[in-house]
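**Q** I would like to see how this sequence folds:
(one chain, ligands or ions: 1)
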Amino acid sequence: MEKSDKSLILVSNRLPFQLLEQDDQLTMKQSDGGLVTALISYFNAESNRDVFQQKKWFGSADFPEKRWKKFKKQSDVQTDFTIEPVFIDKKVYNKYYNGFCNATLWPLFHYFPSYVVYDQEFFENYEEVNKIFAERLLKVIKPGDTIWIHDYQLFLLPQLIRDKMPDATIGFFLHIPFPSYEIFRLLHSPWKEKIVRGLLGADLIGFHTHEYVQHFLKTVRMVLGYDHHYRTITMQDRLVKADMFPLGIDYEKFSTASRKPEVVQKMEAITKNFPDKKIIFSVDRLDYTKGVTHRLLGFERLLEKHPEWIEKVVFVMVIVPSRQIISKYNERRILIEENVGRLNGKYSTLSWQPVIYRYNNLDFEELCALYHVADAALITPLRDGMNLVAKEYIACCSEQQGVLILSELAGAASELGEALLVNPLDTEEMSEAIQQALTMQPEEQRRKISQMQKRLIDYDVHSWVNDFLFQLTEIKQQQKTEQQK
Ligand code: G6P
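**A** Sure, this is the predicted structure:
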């Protein structure tokens, strides 16, 4: 294949690495998130090696420009991408990130309308940051490049680029739910129109589930009056396609983790701590959407109804700190800790504590060790775009033993139908599901896990990247054919 002179431009609010400082020495640590891993392996595949000449990743910098310059001078590290930090004034960033992104869009898109903050200044700063990204990108984009924008922080960016480069190839993927129009309409009118127009600047708009695609198509019709044929919207100048791309995981990485000596060591240490006990496990970023307090009530109800589990089961619950400046997040943390304290106070004995609660980050080895030793994973968000924890747990069940209890309101539920699906608000139903999980026969566990594993192998994160980029090329082709008609 001839070497191409085209670039792939990735854009997300967060950059896929951290800048660390130790003893006056700056180092860069690439994040091990699914998206980064997938893209790297996409680029490394023989057949894709020459598709893009350059790969650049733009994202907001969480470090000062001075430090970045120092790092660039000090180091000649080769990364899989050229990292392009976008520097944003702290005050502007605060109103954009803690404001419009996470106090307006996030609660609304997760069906928490009563948590939504309506603040014009937040929106103006959101527009401002999207414009800063656009200006920066427009300096580097060349005709023929592929631009792939990620998530709700950058809804306005596709159109801002399209305005200046009408022929650009732009893909957008939304990692959170797209809510029903009844919810979306609760946004202030001018904002909702700008958001829909912003998104329609893309050629391909991807969502995790069929339902989110349908919600989006209806929203486009209601807000701007554009109709669609199947999943294609015909605008004055272009066809735009909305489609479903359920984000997968790096299956191989998780399914082989239990062979790593560090993971084995950690697994042994955990099982030694809880001899003859069943282990239930959950891990979430701190967020009111994750349903943690309802989950604790479900577990408490189990102990109440089935006292035979007292001293025979532990619930290891890990919460990863997140968005701490926002009051709703802090309030949630306090509420969770009160509930854990109350439950442990009520049921603990001198030699047993029902909930082992940890508020901290987990490294990959420890996470996999916990997935591996858990008899059940209890994943019960009140809303979740996808939820990759559910998929990672299934991939780690290397002996096909384990039970997934999953909220029917997580995007992952539409792919993982063999899980014990629960309504996360119904504590009675949740306690029954836990009971069923703890008493499920090994044969049934094996049957369910192996069916889910097959599906996750078939559409892993690599297929996801391939699928999205392939469909983006296709829609561009279709647009050309339409123009020639
Ligand atoms: C969700 C969002 C991402 C976001 C992540 C972590 O998965 O879809 O866009 O990056 O949460 O949240 P944070 O605010 O810490 O970036």
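
**Q** which residue is the nearest non-sequential neighbour of Ile270?
**A** Val373 (5.1 Å; C-beta to C-beta, 6 or more residues apart in numbering). Any C-beta I mention is one placed from the backbone N, CA and C, and that applies to glycine too.

**Q** just the CA atoms of whichever strand or helix holds Leu297, as PDB, please.
**A** Assigned by DSSP states H and E, Leu297 belongs to helix 292-305. Provided in PDB are the C-alpha atoms of helix 292-305 (Å, rounded to 0.1, in the frame of the first residue of the first chain):
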ATOM      1  CA  VAL A 292     -24.200   3.000  45.000                       C
ATOM      2  CA  THR A 293     -26.600   3.800  47.800                       C
ATOM      3  CA  HIS A 294     -29.400   1.700  46.300                       C
ATOM      4  CA  ARG A 295     -26.900  -1.100  45.900                       C
ATOM      5  CA  LEU A 296     -26.000  -1.000  49.600                       C
ATOM      6  CA  LEU A 297     -29.700  -1.200  50.400                       C
ATOM      7  CA  GLY A 298     -30.000  -4.200  48.200                       C
ATOM      8  CA  PHE A 299     -27.200  -5.900  50.000                       C
ATOM      9  CA  GLU A 300     -28.600  -5.000  53.300                       C
ATOM     10  CA  ARG A 301     -31.900  -6.500  52.400                       C
ATOM     11  CA  LEU A 302     -30.100  -9.700  51.500                       C
ATOM     12  CA  LEU A 303     -28.600  -9.900  55.000                       C
ATOM     13  CA  GLU A 304     -32.000  -9.200  56.500                       C
ATOM     14  CA  LYS A 305     -33.900 -11.800  54.500                       C
END
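
**Q** report the mean per-residue pLDDT for that helix.
**A** For helix 292-305, the mean per-residue pLDDT is 98.

**Q** which regions of the chain lie under the pLDDT threshold?
**A** 1-3, 32-34, 76-78 (pLDDT under 70).

**Q** how does it look with 80?
**A** 1-4, 23-24, 30-50, 74-81 (pLDDT under 80).

**Q** the longest helix along it packs against which elements?
**A** Criterion DSSP state H: the longest helix present in the chain is helix 461-484. Contacts defined by 3 or more C-beta pairs under 8 Å, 6 or more residues apart in numbering; DSSP states H and E place helix 461-484 against helix 34-44, strand 146-150, strand 169-173, strand 204-207, strand 239-244.

**Q** name the helices or strands packed onto the shortest one?
**A** Here strand 204-207 touches strand 169-173, helix 210-224, strand 239-244, helix 461-484, going by 3+ C-beta pairs under 8 Å, 6+ apart.

**Q** how close does the residue nearest to Ile270 sit to the ligand?
**A** Distance, Val373 to the ligand, using C-beta to the nearest ligand atom, to the nearest Å: 26 Å.

**Q** can you pull the contacts of that residue?
**A** Met267, Ile270, Thr271, Ile279, Phe281 (C-beta atoms under 8 Å, 6 or more residues apart in numbering).

**Q** mind putting the helices and strands packed on helix 461-484 into a markdown table with mean neighbour count and distance to the ligand?
**A** Supplementary listing: the helices and strands packed on helix 461-484 in a markdown table, determined by neighbours: other C-beta atoms under 10 Å; distance: least, C-beta to the nearest ligand atom, whole Å:
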| stretch | mean neighbour count | distance to the ligand |
| --- | --- | --- |
| helix 34-44 | 19 | 10 |
| strand 146-150 | 24 | 7 |
| strand 169-173 | 24 | 10 |
| strand 204-207 | 26 | 12 |
| strand 239-244 | 21 | 17 |
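
**Q** flag every residue of the stretch 151-300 of the chain that's near the ligand.
**A** Proximity of the stretch 151-300 of the chain to the ligand, by C-beta under 6 Å from any ligand atom, involves residues Asp151, His175, Ile176.

**Q** would you reformat those residues as CSV and include distance to Thr169 and neighbour count?
**A** CSV is the format used below for these (distance: C-beta to C-beta, whole Å; neighbours: other C-beta atoms under 10 Å):
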residue, distance to Thr169, neighbour count
Asp151, 19, 18
His175, 20, 18
Ile176, 24, 20
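
**Q** from the residues you listed, pick the one nearest Pro64.
**A** Asp151 (24.1 Å; C-beta to C-beta).

**Q** any idea how far His150 is from the residue lying closest to that closest one once chain neighbours are set aside?
**A** Of all residues not flanking Asp151 in the chain, His175 sits nearest, at 4.9 Å (C-beta to C-beta, 6+ apart). Distance of His175 to His150, given as C-beta to C-beta, to the nearest Å: 7 Å.

**Q** ok, the residue most central in space within the chain - contacts?
**A** The centroid of the chain falls nearest to His175 when counting by C-alpha atoms, centre = their mean (5.4 Å). Residues in contact with His175 (C-beta under 8 Å, 6+ apart) are His150, Asp151, Tyr152, His208, Leu247, Gly385, Met386.
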